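>>> just coords:
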């Protein structure tokens, strides 16, 4: 039993070493775990033209690619209202208090026809 305990301790250290090394590498190479902006490809997509497109470009692209929005299934206004509300309330998206204009754009452009 006396020989088993030191061997278990060494085994535990060996198992923990890769995880400790990985977390150190990540913090050194990625600014405390964040991926540097230069690592992301440049956004080349654009939102579909329409009244309010400037709002989508300025507000939605803070977090999303244009493809993320444009590939959503076509949904009714209530969906877009709830989605914008969720982005603002839950994820602290930098949206204005009155989100009518952005919801109008999303509904008209990506909503149910």
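Yep, that arrived. Since the model is a prediction, treat every value here as computed from it, not as a measurement.
>>> for the protein, give me the ranges with low pLDDT.
Across the chain, the ranges flagged by pLDDT under 70 are 1-33.
>>> elements contacting the host helix or strand of residue 109?
Following DSSP states H and E, one finds residue 109 within helix 100-110. For helix 100-110, the packing partners by 3 or more C-beta pairs under 8 Å, 6 or more residues apart in numbering; DSSP states H and E come out as helix 53-59, helix 66-70, helix 77-89. For the C-beta atoms, the positions are set from N, CA and C on the backbone; glycine is no exception.
>>> got the ones you listed as TSV, with mean neighbour count and distance to residue 105 columns?
As requested, those are exported to TSV (neighbours: other C-beta atoms under 10 Å; distance: least, C-beta to C-beta, whole Å):
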stretch	mean neighbour count	distance to residue 105
helix 53-59	16	6
helix 66-70	14	10
helix 77-89	15	9
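>>> pull out the buried residues from the helix holding residue 109.
Within helix 100-110, the residues scored as buried using 16 or more other C-beta atoms under 10 Å are 102-107, 109-110.
>>> rewinding a little: could you export the helices and strands packed on helix 100-110 as TSV, including distance to residue 47?
Shown next, in TSV, are these (distance: least, C-beta to C-beta, whole Å):
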stretch	distance to residue 47
helix 53-59	5
helix 66-70	5
helix 77-89	14
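>>> what's the closest of the ones you listed to residue 41?
When those are compared by C-beta to C-beta, helix 66-70 sits nearest residue 41, at 11.8 Å.
>>> which residues touch the closest one?
For helix 66-70, contacts defined as C-beta atoms under 8 Å, 6 or more residues apart in numbering pick out 43, 45-48, 56, 60, 106, 110.
>>> just to revisit the earlier point, out of the helices and strands packed on helix 100-110, which is closest to residue 35?
Here helix 66-70 is closest among the helices and strands packed on helix 100-110 (C-beta to C-beta), at 17.2 Å.
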